[in-house]
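Novice: output the structure for:
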Amino acid sequence: MEKPFKRFCKTLSLKDDAALIEEYKNAHAPGAVWPEITKGMHEVGIVDMEIYISGTILFMIMDTVPDFDHDKAMAILAEKPRQAEWEEYVSKFQHTSHDATAGEKWKLMEQIFSMD
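Specialist: Numbering: from 1, shown residues only. Prediction:
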């Protein structure tokens, strides 16, 4: 049975600093993410996103509209209001450069198993 959405899973590493990790978690607490960021995600076709953490490793689950073109959407998202500012802000927590886009930071994972 075909799903009514596409799912992408991604990973990213945080700096190994307990205070920075706690600050990163607070920046992603309910209501803390800048509204322009979530608005931009919805506009490019991201319908839901969850981020999980284990130590310094982040794991993202991103559900999108069925006809989502990942590379095209990430390029459009990078140009959305405040997106570059957000990426620069969160880069202080991440093993990445301050001017990297979300598409450059978050590495797509390859699916190797599906129960269906």
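
Novice: can you tell me how far residue 52 is from residue 67?
Specialist: 27 Å (C-beta to C-beta, to the nearest Å). Any C-beta I mention is one placed from the backbone N, CA and C, and that applies to glycine too.

Novice: give me the neighbour count for residue 76.
Specialist: 15 (other C-beta atoms under 10 Å).

Novice: what sits against it?
Specialist: residue 44 (C-beta atoms under 8 Å, 6 or more residues apart in numbering).

Novice: now do the SS call for it.
Specialist: Per DSSP: H, G, I helix; E, B strand; the rest coil, the secondary structure class of residue 76 is helix.

Novice: for the chain, give me the ranges with low pLDDT.
Specialist: Scanning the chain for pLDDT under 70 picks out the ranges 1.

Novice: what about the strands in it?
Specialist: 6-13, 46-54, 57-64, 107-108 (DSSP state E).

Novice: give me whichever of these is most buried.
Specialist: strand 57-64 (a mean of 17; mean count of other C-beta atoms under 10 Å).

Novice: got the contact list for that strand?
Specialist: 5-14, 45-53, 70, 73, 106.

Novice: same question for stretch 31-38.
Specialist: In contact with stretch 31-38 (C-beta under 8 Å, 6+ apart) are residues 26-27, 80-83, 86.

Novice: in PyMOL, how would I select just the buried ones from the residues you listed?
Specialist: Restricted to buried positions by 16 or more other C-beta atoms under 10 Å, the PyMOL selection for these reads:
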select buried, resi 80+83+86
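
Novice: hmm, residue 15 is touching residue 94, no?
Specialist: Yes - contact criterion C-beta atoms under 8 Å: residue 15 and residue 94 qualify, at 6.9 Å.

Novice: more crowded one of these two?
Specialist: residue 94 (20 against 14).

Novice: if I look at that one, how far off is residue 4?
Specialist: Taken as C-beta to C-beta, the span from residue 94 to residue 4 is 32 Å.
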